[in-house]
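> okay, structure incoming, though there's no sequence with it:
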């Protein structure tokens, strides 16, 4: 070790030497920043010793001098990650013989341990944002945190820009008041733009007081796009056509993680693999819908070497590091470069050994997306996150928590809160409105005793009005609100099954959708039931299952460039090149800045396909709006389908002027009307009402059902809409609905592009680019891919017919479109 570098205690130095390790430059830089009293953001590849770099300053300080009380607070977005870190810290601490104690505190920690920790805390406490917030709601929080020297925030990219990040930022602001001298460190392997994260961690507005430390680059990952039998399907997202190749890859490797983008796909993939598991290889599954016990069994089986493969979802994007993983497979498109890199990093967990991964696109657009993701990784370009102001419902929860801890002065609390990055621009008037909401629920609810949570004392301090509200807060505080399911049933009570409430939230009475092989019309949405009747009219809206990951804006832009650049297309497989060449010949390939809109007749209906590449959420929202506009214009729409790349609408009359349907000038008014009418706003309100403390999920010894929570929030929603439409939680609900559920930003971008660069091509036939969307129409009722085969046959007939003769008058034969 260079003499110019800070000294390490002998015990730690000897531990490194015994393993023939050296302190890496980024680990040393974190030590130097800490010793200079500077906060730091570390961006370093998975397997580079990032976690050790975060804890090394704490271990050095705790080894140098005896210490009493809580020294270091580690905050992770996952309970499983805190348990993993505890195991990984315990071994080296024991091997070094350090006098350091480490414990976890999460929702799974026993009440006796939690009580003891507040009196006699460990040196290092590993926790989550929610558990930290609850700790700070106790009157003894100043005693517990007075000795705090360091805070480590792990996997900061996963949550800093969301509501859990808002909650943690508020907690950090409170810790800055209790222990102003503590240093902060944030860790991540996949951050595209570090500045917003430095600002989030910072105690200043600019973020330049936070040191940026970068680890050395990881070995370039070994990533291949896998095409079973050289084939890329026209449509679909599952990549289950590759089951045999995936099974062979599992056989050829020690341990394979198979990532799927939805829980439903994970179940289907596991089923497909076991159907061909002739060697009876141990293949398991891991996703968020499984019980804690099942997930822990899967983790144990992996750790003990009893599994050859694990099919999993984003639940394993972060956390448990298994050194034996030597292959990662991504089923379907990655949707984001940072997410893909995080998943790939689970393989060969070291910067010196390349991670190995296979990407298996589910269709031809997904092949382009996979290629764009690989190019981004090769160039070191990662997705950037959308940052918005701090959520008002989270702020309300925090204010109540601070009141539970001790009476407070409103001016002092406002100053403290605006020290948290998400709330630095919070106007005082908005803070006062939130405070008054916490006090009594707001004007429309103030007559009810159950909402009278705070009162202002003669001493000018705000305090909790009754002890029962303290228990109520601690029992219900948290940011994660589980979304319930809707039961689809006929008026006579017969149930057909369940679908995601998120999809049901977009429906209104009269809408038609396909479910369980039937065309159904919505009659009403009551509590958690979707009341339907069978209809002979075709479904306008397809049903989808599972949580959808949004296609990132950066990948969307790269796919558009890939479509338009002939030089780039030489890297594509032959059948994808044929597909794009046919599109260029019989319609056009959109330029990167263009919005291509195609119209054509097909099977007795007139189709309008908008190729915007703005993601499913934006397309679904646009489909709802454009369908309404088509109805108003007398165009008799029948329905629409959407994927991440295109929106296809179809009706009884042709659309001569698509520009009028895509006019952005009236979008805001129409969008607000549709969101309110479609139950999206009620859905968003349920979440903010729970987070803001307006509705309790739990009472002593009893937990409300999702139906009961929905009933309570719907009643309050209706009251506020009638009597206080500008209530802070209604505004918070609109902010959530417009960003998360509707993606107003991308929808606005799409419509602005339509106004400036839309190119409308009126065709006599289906276009190659439109097939992946069109085969989604009615696919539930057509077995064996008949719709896809019919469309391809139609397109090949068009190609053969239009190929006709060449310039010399000789008959030509067109190359068929590969299927």
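Received the coordinates, thanks. In this text, all values refer to a predicted model and were calculated from it rather than measured experimentally. Numbering: from 1, shown residues only.

> beta partners for residue 531?
Note on residue 531: beta-bridge partners by DSSP bridges are residue 489, residue 524.

> so where do the helices sit in the stretch 1-150 of the chain?
Along the stretch 1-150 of the chain, counting by DSSP state H, counting those that start in this stretch, helices occupy 10-18, 25-35, 50-64, 79-96, 111-119, 129-136, 141-145.

> of all those helices, which one is nearest residue 649?
Among these, helix 129-136 comes nearest to residue 649, with 42.1 Å by C-beta to C-beta. Yep, even glycine has a C-beta here, placed from its N, CA and C like the rest.

> gap between that closest one and the chain center?
22 Å (C-alpha atoms, centre = their mean, to the nearest Å).

> do stretch 12-26 as well
37 Å.

> roughly how far does the closest residue to residue 537 other than its chain neighbours sit from residue 640?
Leaving aside its sequence neighbours, residue 537 sits nearest to residue 512 (C-beta to C-beta, 6 or more residues apart in numbering; 5.8 Å). To residue 640, residue 512 is 11 Å away according to C-beta to C-beta, to the nearest Å.

> what about those two, which has more around it?
Neighbours around residue 512 and residue 640, counted as other C-beta atoms under 10 Å, are more numerous at residue 640. The numbers are 28 against 18.

> hmm, back to that, could you tell me the least trusted of the helices of the stretch 1-150 of the chain?
Lowest mean pLDDT of the helices of the stretch 1-150 of the chain: helix 79-96, a mean of 82.

> quick one, strands of the stretch 151-300 of the chain?
Taking DSSP state E, counting those that start in this stretch as the criterion, the stretch 151-300 of the chain carries its strands at 183-188, 210-214, 222-225, 256-259, 283-286.

> list the strands paired with the third one, with their directions.
Spelled out, it's strand 222-225. Counting by DSSP bridges, strand 222-225 is paired with strand 356-360 (parallel).

> mind listing residues that contact the partner strand?
Strand 356-360 is contacted from outside by 221-226, 228, 239, 242, 245-246, 249, 326-332, 334, 340, 343-344, 347-348, 370, 373-374, using C-beta atoms under 8 Å, 6 or more residues apart in numbering.

> what stretches of the stretch 401-550 of the chain score poorly on pLDDT?
482-485, 497-502, 514-518, 527-528, 538-549 (pLDDT under 70).

> switch to 90 and redo it
443-444, 446-448, 476-520, 524-530, 534-550 (pLDDT under 90).

> now do the helices in it.
Under DSSP H, counting those that start in this stretch, the stretch 401-550 of the chain gives helices at 410-417, 428-440, 467-476, 501-504.

> one more: the stretch 551-700 of the chain?
Assigned by DSSP H, counting those that start in this stretch, the helices in the stretch 551-700 of the chain fall at 553-564, 566-569, 574-586, 616-632, 658-661, 667-677, 680-691.

> okay, now the residue nearest to residue 29 when sequence neighbours are not counted: neighbour count?
Spatial nearest neighbour of residue 29, chain neighbours left out: residue 213 (4.5 Å); criterion: C-beta to C-beta, 6+ apart. Using other C-beta under 10 Å, residue 213 has 22 neighbouring residues.

> could you check the pLDDT of residue 213?
95.

> these two touch, right, it and residue 26?
Yes - contact criterion C-beta atoms under 8 Å: residue 213 and residue 26 qualify, at 5.4 Å.

> overlap in contacts, these two.
Common contacts of residue 213 and residue 26 (C-beta under 8 Å, 6+ apart): 42, 44, 53.
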